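Give me a model of this one.
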Amino acid sequence: MGLGDTIKAGNKASIQHRAKAMIFLRHHLHESLKSEYLTVKDPLLLWKNLKEGYDHQKTIILPKAREEWTHLRLQDFKSVCEYNSSMFRIVSQLKLCGENITDGDILEKTFTTFHASNIILQQQYREKGFKKYSELILVAEHNNKLLLKNHESRPTGSRSFPEVNADAFNGHNRGRGPGRGCGRGRGRGQNHS
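Next up, the predicted model:
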């Protein structure tokens, strides 16, 4: 009988196994929780209390992870390494919540989020027939400059900012104001009487 059996209902764990399980569980508890559950002596009861108090995290984590997965785009990152880190964080959260994410899903997500200017590179990667995401990332990191060329360009679907009038920006307004506008004088903002 292992330590994992001590947190199952109806177990016949020895006092020694339960003590080892409690030591293990307390060792891995956050400091604030250690004092909160100090009086609990049974690993099964401690496990049930923790599960009751914190198992709802899935209802919080899953919607956020799904949203991040939906909006995850390779072109939004400065490097393949940053993208890879975010990808694994999101996939870990989805798997924690019981979602089945395969290497095929991750590959397809990555391929479909290439920047439009890298469509040929995307096709070349597809033709190589990668079966594992880790293989793709190794090659992609070597081609990081080509893959993320979009960092200098605008994001897909965005509009450029309107240009600022250089004269207005430099303070050379030609509107009404002291010494300007209708009235006397000719010239550019100078008072000619």
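
For this structure, which segments count as strands?
Using DSSP state E, no strands are found in the chain.

residues contacting Gly47?
Actually, residue 47 is Trp. It isn't Gly. Applying Cβ atoms under 8 Å, 6 or more residues apart in numbering to Trp47 gives the contacts 7, 25. Using the backbone N, CA and C atoms, a C-beta is placed for each residue, glycine as well.

for this protein, longest helix please?
Taking DSSP state H as the criterion, the chain has its longest helix at helix 80-96.

what residues are up against Lys64?
Neighbours of Lys64 in contact, by Cβ under 8 Å, 6+ apart: Gln93.

and Cys81, what is it in contact with?
Contacts of Cys81 by Cβ under 8 Å, 6+ apart are Glu141.

gap between it and Asn118?
17 Å (Cβ to Cβ, to the nearest Å).

Tyr54 now?
42 Å.

More neighbours: which of these two?
A direct count of neighbours by other Cβ atoms under 10 Å for Tyr54 and Asn118 places Asn118 higher, at 19 against 10.

what bits of this structure have low per-residue confidence?
Scanning the chain for pLDDT under 70 picks out 1, 144-193.

Recalculate using a threshold of 80.
1-5, 53-57, 114-119, 121, 140-193 (pLDDT under 80).

And the helices in it?
15-27, 31-36, 43-54, 57-71, 80-96, 103-112, 119-127, 133-142, 144-147, 166-169.

Those helices: which one's closest to Ala9?
helix 43-54 (6.9 Å; Cβ to Cβ).

Just the buried positions in the closest one, please.
By neighbour count on 16 or more other Cβ atoms under 10 Å, the buried set for helix 43-54 is 43-44, 46-47, 50.

and if you look at stretch 24-33?
Buried, per 16+ other Cβ under 10 Å, within stretch 24-33: 25, 33.

And stretch 60-75, by the same measure?
62, 65, 69, 72-75.

Quick one: these as JSON lines, columns for distance to Glu99 too.
Output for these, formatted as JSON lines (distance: Cβ to Cβ, whole Å):
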{"residue": "Leu62", "distance to Glu99": "7"}
{"residue": "Ala65", "distance to Glu99": "8"}
{"residue": "Trp69", "distance to Glu99": "9"}
{"residue": "Leu72", "distance to Glu99": "14"}
{"residue": "Arg73", "distance to Glu99": "19"}
{"residue": "Leu74", "distance to Glu99": "20"}
{"residue": "Gln75", "distance to Glu99": "24"}
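
Out of those residues, give me the two with the largest separation.
Once Cβ to Cβ is applied, those give Leu62 and Gln75 as the farthest pair, at 25.5 Å.
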